[in-house]
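Novice: pasting the structure only:
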């Protein structure tokens, strides 16, 4: 099956940029996603990128995809305290999602 | 439009007992998925329903797990008998079409003592 790896923790100062990295193994993935989970809540789709794109920008979020290296990243500009959450990278193929273990982002004042 | 709901939000049971988790998908969504996150690890796919039919149950850990979706509406996931390693958060998701966005519920946190 698909293996998705991401770093487990990230601490960032408020106002700085956060970068969360993810690698995956299956090159046939069609969509790649970033989900956010806040305490007590479900998974919220933050953004996604098609596999034929290199970059997608959506307000403070920038997704970069390097298909050759099978590397996906999420950059959050001007990180705020409300961005503290667990961020999951996920790839879609065979009609299901394969997730990483999640990166816990802590924003400090 | 109501989102995906799951019940209960938390369940604490003893090893050997039975637990049934319920998921109500978004109305009109034919596709329903179950996923599980064991402590600190990745979220893993368990199975996928299209209406009342099991499309893919390749992620079900073993025969102690039984999922149903009678009538193609809500779904239940029964664990019988529960073991310690079944502890985790069970997520349900639904989508209109197979390749459409999956909307997730808040999850059920299961603790087996």
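Specialist: Yes, it's here. This is a predicted model, so every value here is computed, not measured. Numbering: from 1, shown residues only, chains lettered A, B, ... in the order given.
Novice: Stretch B:19-37 close to chain A?
Specialist: Yes. Stretch B:19-37 reaches chain A (C-beta under 8 Å from any C-beta of the partner chain) through B:33, B:35, B:37. For the C-beta atoms, the positions are set from N, CA and C on the backbone; glycine is no exception.
Novice: Can you tell me which of the residues you listed end up in strands?
Specialist: Filtering these for membership in strands, criterion DSSP state E, returns B:33, B:35, B:37.
Novice: Grab the nearest non-local neighbour of the second one.
Specialist: Spatial nearest neighbour of residue B:35, chain neighbours left out: residue B:91 (4.4 Å); criterion: C-beta to C-beta, 6 or more residues apart in numbering or on different chains.
Novice: wait, doesn't the one you found sit right on residue B:105?
Specialist: Yes. Between residue B:91 and residue B:105 a contact is recorded at 6.3 Å, counting by C-beta atoms under 8 Å.
Novice: what about residue B:106, neighbour count?
Specialist: 18 (other C-beta atoms under 10 Å in any protein chain shown).
Novice: So which residue is dead centre in chain B?
Specialist: residue B:34 (3.6 Å; C-alpha atoms, centre = their mean).
Novice: Against residue A:89, how distant is it?
Specialist: Residue B:34 sits at a distance of 20 Å from residue A:89 (criterion: C-beta to C-beta, to the nearest Å).
Novice: Could you tell me which residues touch both of residue B:91 and residue B:105?
Specialist: The contact sets of residue B:91 and residue B:105 overlap at A:42, B:6 (C-beta atoms under 8 Å, 6 or more residues apart in numbering or on different chains).
Novice: thinking again about what came up before, who's in contact with the residue nearest to residue B:35?
Specialist: With contacts defined as C-beta under 8 Å, 6+ apart, residue B:91 is in contact with A:42, A:43, B:6, B:34, B:35, B:36, B:37, B:43, B:104, B:105, B:107.
Novice: and what of residue A:99?
Specialist: A:4, A:35, A:88, A:89, A:90, B:35, B:42, B:43, B:44.
Novice: Residues of chain A that sit close to chain B?
Specialist: Counting by C-beta under 8 Å from any C-beta, the residues of chain A that sit close to chain B are A:4, A:8, A:30, A:35, A:40-45, A:88, A:90, A:92, A:94-102.
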